[in-house]
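**Q** 3D, please:
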Amino acid sequence: MSDPWFRLRSGPTDPALNMAIDQALLESAPDRGVPVLRCYSWDRPAASFGYFQRLADVSLLTTLRPLVRRSTGGGVVPHDADWTYSVVIPPEHPWYDVSATESYERMHRWLRDAFERISVPTRLAPCCDPSGPGQCFVGAEKSDLLHGDRKIAGAAQRRNRLGLLIQGSIHPPAGADRPAFESALEQVATLQHAAAWDDLPVTDRLLEQARRINADIYAAEAHTARR
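**A** Numbers count the residues shown, from 1 in each chain. Predicted coordinates for the structure are as follows:
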């Protein structure tokens with residue numbers, strides 16, 4: 001039995017709007033009923049930071065601007081040369097019911113197997129290296145993705161009654177090809193979990209929802225500075 005999935009490749013997008021699109025996808029997940037893999041990038045250098053972090057602390061950890069507060073947790077993530085993705089799981093999908101720890105490991109096993117298909121060796125971190133508190137790509141947490149001894153991928157999650165949102169960043173090894181990697185992600189999901197892929201219909205309703213969320217939340221100074 002196949003497992004329907006949607007893909008969405010957004011391309012370079014405004015930093016705050018990137019976060020708004022992910023939230024719009026989460027809010028519409030119950031009606032859609034199908035998981036979404038979104039691959040996107042940033043139209044300028046920026047940094048995102050975890051929902052529970054203090055802006056004053058974050059401002060000292062990176063010189064990248066603008067700063068945008070995510071709806072997920074985690075630390076500061078630089079978006080100047082990374083590959084960014086999100087996964088949105090509706091509440092009726094089996095992935096929604098797994099623990100946060102298992103979900104995190106599952107996501108990074110997926111990335112690891114995709115990198116293997118394009119001949120880039122990676123592995124999951126066996127334990128923790130708390131070298132850089134508050135900074136996603138300094139040190140490593142259990143099940144982060146490593147290339148050699150360097151962390152190249154981390155993620156943050158948010159689960160509520162609407163679904164599960166995973167936001168992840170990959171700092172690719174030199175020479176890795178993004179289109180090939182994104183194709184490999186789909187191939188791995190198809191081979192291992194019978195995923196059947198289709199393009200997400202980007203409706204006017206979804207776009208308007210994202211714009212509204214952006215104006216009300218992510219582009220608003222009050223949200224960025226709320227802590």
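**Q** Now do the same contact list for residue 2.
**A** When the contact criterion is Cβ atoms under 8 Å, 6 or more residues apart in numbering, the partners of residue 2 are 194, 195, 196. C-betas here are computed from N, CA, C, even on glycine.
**Q** rerun at 6 Å
**A** Residues near residue 2 by Cβ atoms under 6 Å, 6 or more residues apart in numbering: 194, 196.
**Q** Tell me where this protein has strands.
**A** 3-13, 36-42, 46-49, 67-69, 77-79, 83-89, 123-124, 145-147, 150-160, 163-170, 195-199 (DSSP state E).
**Q** Comparing the ones you listed, which comes out most buried?
**A** The highest mean neighbour count among the strands of the chain, using mean count of other Cβ atoms under 10 Å, belongs to strand 46-49: a mean of 25.
**Q** Packing partners of that one?
**A** Under the contact criterion of 3 or more Cβ pairs under 6 Å, 6 or more residues apart in numbering; DSSP states H and E, strand 46-49 touches strand 77-79.
**Q** Please repeat the previous calculation with a cut-off of 7 Å.
**A** strand 67-69, strand 77-79 (3 or more Cβ pairs under 7 Å, 6 or more residues apart in numbering; DSSP states H and E).
**Q** Mean pLDDT for the ones you listed - can I get that in CSV?
**A** Formatted as CSV, the helices and strands packed on strand 46-49 follow (pLDDT from 0 to 100):
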stretch, mean pLDDT
strand 67-69, 98
strand 77-79, 97
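**Q** Mind putting those strands into TSV with distance to residue 227?
**A** Listed next are those as TSV, based on distance: least, Cβ to Cβ, whole Å:
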stretch	distance to residue 227
strand 67-69	8
strand 77-79	17
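**Q** Which one of the ones you listed lies nearest to residue 203?
**A** strand 67-69 (24.5 Å; Cβ to Cβ).
**Q** Reformat the strands of the chain into TSV and put distance to residue 210 next to each item.
**A** What follows is the strands of the chain, written out as TSV (distance: least, Cβ to Cβ, whole Å):
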stretch	distance to residue 210
strand 3-13	10
strand 36-42	12
strand 46-49	16
strand 67-69	14
strand 77-79	18
strand 83-89	13
strand 123-124	33
strand 145-147	28
strand 150-160	16
strand 163-170	14
strand 195-199	17
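**Q** just so I know, which of those lies nearest residue 99?
**A** Across the strands of the chain, closest to residue 99 is strand 150-160 (Cβ to Cβ), at 10.0 Å.
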